[in-house]
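>>> Need the 3D shape of this:
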Amino acid sequence: EVQLVESGGGLVQAGGSLRLSCVASGFTFDDYVIGWFRQVPGKEREGVSCGSRRDGHLFYETFVRGRFTISSDSAKNTAYLEMNSLEPEDSSVYYCGRSTHCSGSFDYWGQGTQVTVSS
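As a prediction, the model looks like this:
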């Protein structure tokens, strides 16, 4: 059974940092890419970042570039999203998802982890 489990969310002041984790199981981790997305109530889910271990390409949406860093540890089947210089606008539920390519469709998702940034 494919599973993605996020953790690491919480409440932080503006300018602070958090590191989200996404633990994957039920599939060969290195055969897929892991993307990070976020969603606030009433809005569509938006992409944040995606990383491909096969070719080393990393993708970031403009609004997080320079502040967020995506990484992964194949030995732990875990992807990370390091978030620095957090802003209140970054408050959202963050999800990780699985795809064969960062530009492809994502077929499995975690349950999400809440990030709240206070001003």
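>>> In this structure, where is pLDDT below threshold?
Residues of the chain meeting the criterion pLDDT under 70: none.
>>> do you know how far the closest residue to residue 29 other than its chain neighbours is from residue 96?
For residue 29, ignoring the flanking residues on the chain, the nearest one in space by C-beta to C-beta, 6 or more residues apart in numbering is residue 77 at 4.4 Å. Every residue, glycine included, has its C-beta placed from N, CA and C. In this view, residue 77 and residue 96 are 12 Å apart by C-beta to C-beta, to the nearest Å.
>>> quick one: which of the two has more around it?
Legend: neighbour count by other C-beta atoms under 10 Å for residue 77 and residue 96, higher for residue 96 (31 against 18).
>>> right, and the more buried one touches residue 33 too?
No - counting by C-beta atoms under 8 Å, residue 96 sits too far from residue 33 to count as a contact (10.5 Å).
>>> can you tell me which residues contact residue 109?
For residue 109, the contact set (C-beta atoms under 8 Å, 6 or more residues apart in numbering) comprises 4, 95, 96, 97, 98.
>>> what do you get if the cut-off is 7 Å, keeping everything else the same?
4, 95, 97 (C-beta atoms under 7 Å, 6 or more residues apart in numbering).
>>> contacting residues for the residue nearest to residue 29?
Each residue near residue 77 by C-beta under 7 Å, 6+ apart is listed here: 23, 24, 25, 29.
>>> Out of the residues you listed, who's the most crowded?
Neighbour counts for those (other C-beta under 10 Å) peak at residue 24, which has 23 neighbours.
>>> any idea how far residue 26 is from the residue nearest to residue 29?
Counting by C-beta to C-beta, the gap from residue 77 to residue 26 is 10 Å.
>>> Would you mind measuring from the closest residue to residue 3 other than its chain neighbours to residue 101?
Of all residues not flanking residue 3 in the chain, residue 25 sits nearest, at 4.8 Å (C-beta to C-beta, 6+ apart). Distance from residue 25 to residue 101, counting by C-beta to C-beta: 21 Å.
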